[in-house]
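Attaching a predicted model along with its sequence, questions to come.
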Amino acid sequence: MAEYNEGNLRESLSLWDGYPHDDASFFERRLRRIDRALSGGSDYGPLSAHSRFGKSLGLGFLCRFGYHIMASQTVENASLDASQRVVFLGQAAEFQEFSTLEQYVTPSLEYYGETLLQLMATSRADLLAATEEIALSVLRSGRYAPPEGTTGYFTQPSKIGVFALEMLAQARGETIDWESFHVPPDRFWLDVARIGLNEPDPAKAAEWAQELCEAHMRTLATDVENGTMGSSTGHEIRREAHFLWPITTVAFLRMRAGLGHRTDPVDHPLMRTSFQVLHDWQVPAGSWPGAPWWAEVLNKTQTIAPGLAPQIGLIR
């Protein structure tokens, strides 16, 4: 099988090389937006800016992390730790708004899936459990039901969200009834979680992993700007740093290992990209020391939403 050309992706990620961790002036505009929302200057609730804040800042830190992997095989622990913590704040705040506002748009299942798979692939157990709890709460809310006058919330069978949550459920000996939550599961991704995860034969498990690598590449949203690729077309992996970082397969392999299952070596080009340095790596929690702007955001958020204190405690 041919190896993947990493040049274009590396060049795209290089735009994030200067993304700062603690440059106060860089974050000033975002902080003002959050201040405005926390003060009631929003069409939704006081935490409405946090989702965009978490996604945009988390993406910046992640892209910087991915660029340094591709450019020099340098693992910037602080960048990924910062990304994971900022993304979690955004998701926790978004869920708070979703739970209290009927008009709040239902969060996308694939965004939870991509986040969960990255957390599994980096053994970030603290944020993994808390993110799964949020995703399951959204799933159980019933708000993936087809809106009135439509054929359904999903235009394509759900892939990575189903895959991530079903693997976590299977590891506990549970099964999710997706249809009861109005989620049409993609059969391949569901089978990998239900059958492949606990496959006792190491050789057959490696075959599942190889197929998963192929499915990973078919699921990349590589042309989002032109609107031709996205969740509506079944392309659910949106973060560029994940394109050649096989978080799907690495998460699968780590989950199997955690359950005591062996897997033969997986022979696929996706497992030989620059990101192979991360296959046995885990992000050290607390690698990013935080910054004054981060403490300010957390303090203001907890003042407005004291119910988020447990979640904020995980990422302070």
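Thanks, I have the structure now.

Which SSE is immediately downstream of the helix or strand encompassing W293?
W293 belongs to helix 292-304 when elements are defined using DSSP states H and E. Next helix or strand after helix 292-304 toward the C-terminus (DSSP H and E): helix 309-315.

from the chain's centre, how far out does that following helix sit?
In terms of C-alpha atoms, centre = their mean, to the nearest Å, the centre of helix 309-315 is found 18 Å from the chain centre.

So for the helix holding W293, mean pLDDT?
For helix 292-304, mean pLDDT rounds to 87.

what's the answer for stretch 198-215, then?
On average, the pLDDT along stretch 198-215 is 98.

Residues in contact with that stretch: which ones?
With contact meaning C-beta atoms under 8 Å, 6 or more residues apart in numbering, stretch 198-215 is reached by 159, 170, 188-189, 192, 195-196, 246, 248-249, 252-253, 256, 259, 261-271. Backbone N, C-alpha and C define where each C-beta goes, glycine included.

Would you mind listing the buried residues in it?
Within stretch 198-215, the residues scored as buried using 16 or more other C-beta atoms under 10 Å are 198-199, 205-206, 208-213, 215.

helix or strand right after the helix or strand bottoming out on mean pLDDT in the chain?
Confidence across the helices and strands of the chain bottoms out at helix 24-38, with a mean of 58, counting by mean pLDDT, DSSP states H and E. Where DSSP H and E defines the elements, the next helix or strand beyond helix 24-38 is helix 48-72.

So which bits of that next one are buried?
The neighbour-count check on helix 48-72 (16+ other C-beta under 10 Å) flags 48-51, 53-55, 57-70 as buried.

for stretch 152-167, same thing?
Going by neighbour count (16+ other C-beta under 10 Å), the buried part of stretch 152-167 is 153-154, 157-167.

Next: stretch 289-298.
290-291, 293-294, 297-298.

Using CSV, write out the CA atom coordinates for that stretch.
The C-alpha coordinates for stretch 289-298 follow below in CSV (Å, rounded to 0.1, in the frame of the first residue of the first chain):
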residue,chain,number,x,y,z
PRO,A,289,0.5,25.5,33.3
GLY,A,290,-2.4,27.7,32.3
ALA,A,291,-2.3,31.5,31.9
PRO,A,292,-3.9,34.5,33.5
TRP,A,293,-6.6,34.7,30.8
TRP,A,294,-7.5,31.1,31.4
ALA,A,295,-7.9,31.6,35.2
GLU,A,296,-10.0,34.7,34.4
VAL,A,297,-12.3,32.7,32.1
LEU,A,298,-12.7,29.9,34.6
